[in-house]
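*Asks:* Attaching a predicted model along with its sequence, questions to come.
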Amino acid sequence: MEIGIGLDPTLGLSYEEQAQVSREAARASYQSIWTPENVAEDSFLTCALRWQATRDVVEGGLGTGIGVSPVGLRTPMGFAMSAGTLGRMTGGRFVLGIGTGQAYNPQYRRTWNMRGSSTLGLMRDYLTTIRALLAAHAEGKPSQFVDGVKIFHGEDWVLIYPSQDEAYFHLCVEAEDRRAAEDLSVHYADLFSSWSNRL
């Protein structure tokens, strides 16, 4: 079982404090560091800072990710460029979660100049475009495009996504405290185990 840590911008940590906490997370054997999207700062750069700090402790650095970035904040090209660059920089240790934000809200759509009537269609268009851009960049290189699932439990969440190079799934949990995170981890690990026993 892998356990990641989430550092929310509302903690008000300086960049140096974020780097220090990231190094401590690596020393404490966490496998990844996550951030939600933050309109005040670039979450891709935040992930790069944290990953870089963990390279002092763990060879190759810890995994890092954004869970989740609303589509209204960037164009598909912007997502693809930033995710592609950070993915290459980290050696594939970056995960981007993309969500609707409040794309179902007409005012939100007007604020971010989002066209089209269907939230589902908007997400389909974004993901199709981003995948195509990343696939074009990856042409001639080994690559794989797979989806994950994020499940919310109130304010806590679980993100499940396949390993990039092994036959297993990553299970990332963000919760109010370590106990809640462990409970969610055990629940989903047991669920996956029961599914695999049926195969």
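*Replies:* Here it is on my side, so go on. Residues are numbered from 1 along each chain as shown.
*Asks:* Just name the shakiest helix or strand of the chain by mean pLDDT.
*Replies:* Taking mean pLDDT, DSSP states H and E as the measure, the chain has strand 149-153 as its least confident helix or strand, at a mean of 68.
*Asks:* Can you give me the buried ones in stretch 118-136?
*Replies:* Buried residues in stretch 118-136, counted by 16 or more other Cβ atoms under 10 Å: Thr119, Leu122, Tyr126, Leu127, Ile130, Leu133, Leu134. Placement of C-beta: from N, CA and C, glycine included.
*Asks:* same check, this time on stretch 103-114
*Replies:* Within stretch 103-114, the residues that count as buried by 16+ other Cβ under 10 Å are Ala103, Arg109, Met114.
*Asks:* same thing with stretch 5-25?
*Replies:* By neighbour count on 16+ other Cβ under 10 Å, the buried set for stretch 5-25 is Ile5, Gly6, Leu7, Pro9, Gln18, Ala19, Val21, Ser22, Arg23, Ala25.
*Asks:* List the contacts of the fourth one.
*Replies:* For Pro9, the residues meeting the contact criterion (Cβ atoms under 8 Å, 6 or more residues apart in numbering) are Thr35, Pro36, Asn38, Ala40, Glu41, Thr46.
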